[in-house]
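Starting from these lines, generate the structure:
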Amino acid sequence: MDWENVTLCKLALASTMYDSLTPFNRSLARLKEDTGGSVDLSNSQHRTPLLRWLNDWGCRHLPADQHEVASVSISKWYQAEGAGLFPEKRPIWDVTDRELEVAVGAYGSLKDSTGAWRERVGAKLEVRIGPTAASKILFAMRTEALMPWDEAMRVTFKCDGGPASYRRFLEEVRDLTYHIERLCRDNGFGIDDLPKHVDRPDSTVLELVNHYIWIAVTRKCELPSSQTLARWAALG
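Sure, this is the predicted structure:
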């Protein structure tokens, strides 16, 4: 993916549009409030709001009447693999290849875990947590490093949802943050300060990247240049 046309102005505009077009930031804010800003999946009182948030973020294959099933699976997964992830506040541009590999392995086992049971023609069918919900759970745990995706993003990035494609996707996102870091440096501040410079002090840089990709890449919304915005602003 060619990220050279991404500007800080477009990141700011995409975040504004994301808020206007979706309720997703509001539900993410509720999750952060309900978990004290740090999701601990060993705590059942954190898994409950996490599953509500997943429903809000489109994971309807994990219905409320099956939340206990998903909660037990997530708890077992966390004990086996989730607790071994890199530190919570580490941003994606500082995540090593080895740490990325551990996260990819955890993603693979999580997506194949049981999320629900469904009755069909008298048979009990297993519903797995799947690639979308797995990525969003990892994002909830590591909002500075592990990007969520949905089917539209996987199609755009030519990913099949498997662990190898998840790794390629995260590497693409990491490359984008390297580009953003250079832009911030050229503007006289560090990438860590970007959220406050675009009036998003409560967001992580990765959240801004998610907004941009959702708006400009997968939904293909054409974002005007900073020059065009300046010309419009001059009209009064």
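
what are the ranges of the strands in this structure?
Per DSSP state E, the chain carries strands over the ranges 114-120, 123-128.

and Leu100, which of those is closest to it?
Comparing the strands of the chain against Leu100 with Cβ to Cβ, the closest turns out to be strand 123-128 (22.9 Å). For the C-beta atoms, the positions are set from N, CA and C on the backbone; glycine is no exception.

buried stuff in that closest one?
Within strand 123-128, the residues scored as buried using 16 or more other Cβ atoms under 10 Å are 127-128.

any idea of the pLDDT on Ala83?
Ala83 carries a pLDDT value of 85.

ok, it - how many residues close by?
Number of residues near Ala83 (other Cβ atoms under 10 Å) recorded here: 13.

State the mean pLDDT of the longest helix along the chain.
When the chain is parsed with DSSP state H, its longest helix is helix 163-186. Averaged across helix 163-186, the pLDDT comes to 98.

Likewise for stretch 37-46?
Rounded mean pLDDT across stretch 37-46 is 96.

Please apply the same query to stretch 105-123.
93.

how far does it stretch from start to finish?
31 Å (Cα to Cα, to the nearest Å).

Throw the strands of the chain into a markdown table and include distance to Thr177, thanks.
Supplementary listing: these in a markdown table, determined by distance: least, Cβ to Cβ, whole Å:
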| stretch | distance to Thr177 |
| --- | --- |
| strand 114-120 | 30 |
| strand 123-128 | 30 |
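
for these, which one sits closest to Leu235?
strand 114-120 (51.0 Å).

Tell me what angle the closest one forms with strand 123-128.
If you take axes from the mean of the first three to the mean of the last three Cα atoms, to 10 degrees, strand 114-120 sits at 150 degrees to strand 123-128.

Any buried residues in strand 114-120, and which?
Buried-residue list, strand 114-120, by 16+ other Cβ under 10 Å: 114-116.

mind putting these in CSV, distance to Glu81 included?
Shown next, in CSV, are the buried residues of strand 114-120 (distance: Cβ to Cβ, whole Å):
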residue, distance to Glu81
Thr114, 15
Gly115, 16
Ala116, 20
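
In the protein, which residue is most central in space?
Pro148 (2.8 Å; Cα atoms, centre = their mean).

how close does that residue get to Gly108?
16 Å (Cβ to Cβ, to the nearest Å).

again, but for Gly236
Separation of Gly236 from Gly108 (Cβ to Cβ) stands at 54 Å.

just Leu85 next, same as before
Distance from Leu85 to Gly108, by Cβ to Cβ: 13 Å.

my guess is the residue nearest to the centre of the chain contacts Lys136, does it?
Yes. If you go by Cβ atoms under 8 Å, Pro148 and Lys136 touch, sitting 4.5 Å apart.

so what sits against both of these two?
Trp57 (Cβ atoms under 8 Å, 6 or more residues apart in numbering).

one step back: ok, Gly236 and Gly108, which is more surrounded?
Shown here are Gly236 and Gly108; by other Cβ under 10 Å, Gly108 has more neighbours (17 against 4).

Now do the contacts for that one.
Applying Cβ under 8 Å, 6+ apart, the residues contacting Gly108 are 162-163, 166.

need the helices for this protein, in chain order.
Secondary structure of the chain, counting by DSSP H: helices at 8-21, 24-34, 44-56, 67-80, 97-111, 130-141, 151-156, 163-186, 194-197, 205-212, 226-234.

how about the ones you listed, which one is nearest Ala123?
Taking Cβ to Cβ, helix 67-80 is the member of these nearest to Ala123, at 16.5 Å.
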